[in-house]
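*Asks:* Got a sequence here, can you build the structure:
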Amino acid sequence: MTKKFRTIEECDNRMATKTADSTGLVWFDAAEAPIELSGFAWFEQDHVFRRMPVKPAYQLPPGVEFLAWHTSGGKVRFKTDSKQIVLRVKLRENGIMDHMPRTGSNGFDLYCGEPGKETYFYTTRSCEQEYDFQIFKQEKAQLQTFTVNFPLYQGVDSLQIGLEQGAKILPPEPLKKYVAIYGTSITQGGCASRPGMVTSNILSRKLGRHFVNLGFSGSGRGEPEVAHVLAELDPAMFLLDFEANAWNDYEKKLPEFIRILREAHPETPIFVLSGYQYTKRYTPEEGRRPGNVRMQQKLIKSLQQAGDKKIWSVDGRKQLGRYGAAATVDGVHATDLGFQLQAEFLLPRLRKILAGLE
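*Replies:* Purely as a prediction, here's the structure:
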């Protein structure tokens, strides 16, 4: 017998009024409207917090396959007047690293405010794999926009947002079309103290755009299989920053990577950045870098001369300015200062290119 619905709530349970649990809070899944989830380009297809498709058309390198579960660049945004916000978190694992704070690798952080005016509020702090954490509290109810950034070096099985019963929850002001950034451990966020300080999240706030972070620690090597998967995306721009991982065969990887993207996206801007300088401890990589930069610049210039007017090359060796490797944790991976300097280096260049799309 066919079931007959009597109310819209029976037909669509998302329309039903939610009741508070024993904590006095009403819980919303991170992907539940009107909450806006971003940073997971294949979420509608796979329904998991993963940065690459679960079953890609091309076999991913082992490092990319593993690190795709790390949620760097993921975020949720929503408006509410709830006087408190609690996150109910279930991580895939509970790993730690000896050179990165747990608040950055495993934590979430919260920003308040409209696009371009977001201010940092607080960060989750827990040594557990599953936990509830009150990330926001204020005395007076005030409708405002909130952004919650996902962990940089950890997977997330589930995230729920707890609000006070009766509080409003509305969609946020929309951001502009996303930029896809592909690169290395530095792109992924090693070793920011919290998620909001990785370069892609800083740029997202400054530009009022979504970013899809496709940085893979030690595994941003520019394989053609990865390029084919990235070609499935439809971003406002591709930002390529993988020279530091592909340093020994960059001259082979970069031309093919660009060719694959350009074949699928003839008009999409492509911005190619070389990595910043490390300390002298990393002599093999650093010795190769000047040649890589010259090759990159020569390649992009030849493509421009051949008629590609939407591709650019930037020498990134001086991104950290006068601080240099002092803005890193270990001679390679950036501190919060390093990420801020990288974002400031990129911001005017990206803003100029993206302005031409509007």
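*Asks:* List the contacts of the longest helix seen in the chain.
*Replies:* For the chain, the longest helix by residue count, based on DSSP state H, is helix 283-305. Residues outside helix 283-305 that contact it (C-beta atoms under 8 Å, 6 or more residues apart in numbering): 243-244, 247-248, 250-251, 254-255, 258, 272, 274-275, 277-278, 280, 311-313, 315, 317. No exception for glycine: its C-beta is placed from N, CA and C like everyone else's.
*Asks:* After that helix, which helix or strand is next?
*Replies:* Per DSSP states H and E, helix 283-305 leads on to strand 311-314 as the next helix or strand towards the C-terminus.
*Asks:* so how far is stretch 308-327 off the chain centroid?
*Replies:* Distance of stretch 308-327 from its chain centroid, counting by C-alpha atoms, centre = their mean, to the nearest Å, is 20 Å.
*Asks:* hmm, back to that, where helices are concerned, which of the contacts of helix 283-305 count?
*Replies:* Under the assignment DSSP H, the contacts of helix 283-305 contribute 250, 251, 254, 255, 258 to helices.
*Asks:* What's the local residue count around residue 45?
*Replies:* 12 (other C-beta atoms under 10 Å).
*Asks:* let's have the chain start at 44 instead
*Replies:* Sure thing, new numbering starts at 44, so read that last one as residue 88.
*Asks:* which among the contacts of helix 326-348 end up buried?
*Replies:* 286-287, 290, 293-294, 297-298, 301, 315, 317-318, 320-321, 354-356, 360 (16 or more other C-beta atoms under 10 Å).
*Asks:* what's residue 379 sitting at in phi/psi?
*Replies:* For residue 379, the backbone dihedrals (degrees, to the nearest 10) come out as phi -60, psi -40.
*Asks:* If you could redo that for residue 247, that was the one I meant.
*Replies:* Backbone phi and psi, for residue 247 under degrees, to the nearest 10, turn out to be phi -60, psi -40.
*Asks:* who does the residue nearest to it when sequence neighbours are not counted bridge with?
*Replies:* Using C-beta to C-beta, 6 or more residues apart in numbering and skipping the chain neighbours, the partner closest in space to residue 247 is residue 254 (4.6 Å). Beta-bridge pairing of residue 254 under DSSP bridges involves residue 222.
*Asks:* For residue 254, list the residues it contacts.
*Replies:* So residue 254 contacts 82, 116, 221, 222, 223, 224, 243, 244, 246, 247 (C-beta under 8 Å, 6+ apart).
*Asks:* how about 6 Å then?
*Replies:* 116, 222, 243, 247 (C-beta atoms under 6 Å, 6 or more residues apart in numbering).
*Asks:* can you list the weak-confidence ranges in the chain?
*Replies:* Scanning the chain for pLDDT under 70 picks out 44-65, 323, 325-330.
*Asks:* count of residues packed around the residue lying closest to residue 357 once chain neighbours are set aside?
*Replies:* Counting by C-beta to C-beta, 6+ apart, residue 316 is the residue found nearest to residue 357 once chain neighbours are left out, at 5.1 Å. Neighbour count for residue 316, taken as other C-beta under 10 Å: 25.
*Asks:* right, and residue 316 touches residue 359 too?
*Replies:* Yes. Counting by C-beta atoms under 6 Å, residue 359 is a contact partner of residue 316 at 4.6 Å.
*Asks:* which parts of stretch 216-234 are buried?
*Replies:* Neighbour-count burial for stretch 216-234, counted by 16+ other C-beta under 10 Å, picks out 218, 221-234.
*Asks:* Just the closest of those to residue 139, please.
*Replies:* Residue 139 has its nearest neighbour among the buried residues of stretch 216-234 in residue 234, at 12.0 Å by C-beta to C-beta.
*Asks:* That closest one reaches residue 372, doesn't it?
*Replies:* Yes. Using C-beta under 6 Å, residue 234 is in contact with residue 372, at 4.6 Å.
*Asks:* Which neighbours do these two have in common?
*Replies:* Shared contacts of residue 234 and residue 372 (C-beta under 6 Å, 6+ apart): residue 142.
*Asks:* Need the phi and psi values for the residue minimising distance to the centre of the chain.
*Replies:* In the chain, the residue lying closest to the centroid (C-alpha atoms, centre = their mean) is residue 116, at 1.8 Å. Dihedral angles phi and psi of residue 116 (degrees, to the nearest 10) take the values phi 90, psi -10.
*Asks:* how near is it to residue 279?
*Replies:* Relative to residue 279, residue 116 is positioned 15 Å away (C-beta to C-beta, to the nearest Å).
*Asks:* Can you tell me what sits against stretch 170-180?
*Replies:* Here stretch 170-180 makes contact (C-beta under 6 Å, 6+ apart) with 127, 128, 129, 130, 131, 132, 133, 134, 137, 153, 165, 167.
*Asks:* are any of the residues you listed buried, and which?
*Replies:* Here, 16+ other C-beta under 10 Å leaves 127, 128, 129, 130, 131, 132, 134, 153, 165, 167 buried among these.
*Asks:* How about the contacts made by residue 303?
*Replies:* Neighbour list for residue 303: 270, 271, 274 [criterion: C-beta under 6 Å, 6+ apart].
*Asks:* ok, now with 10 Å
*Replies:* 267, 268, 269, 270, 271, 272, 273, 274 (C-beta atoms under 10 Å, 6 or more residues apart in numbering).
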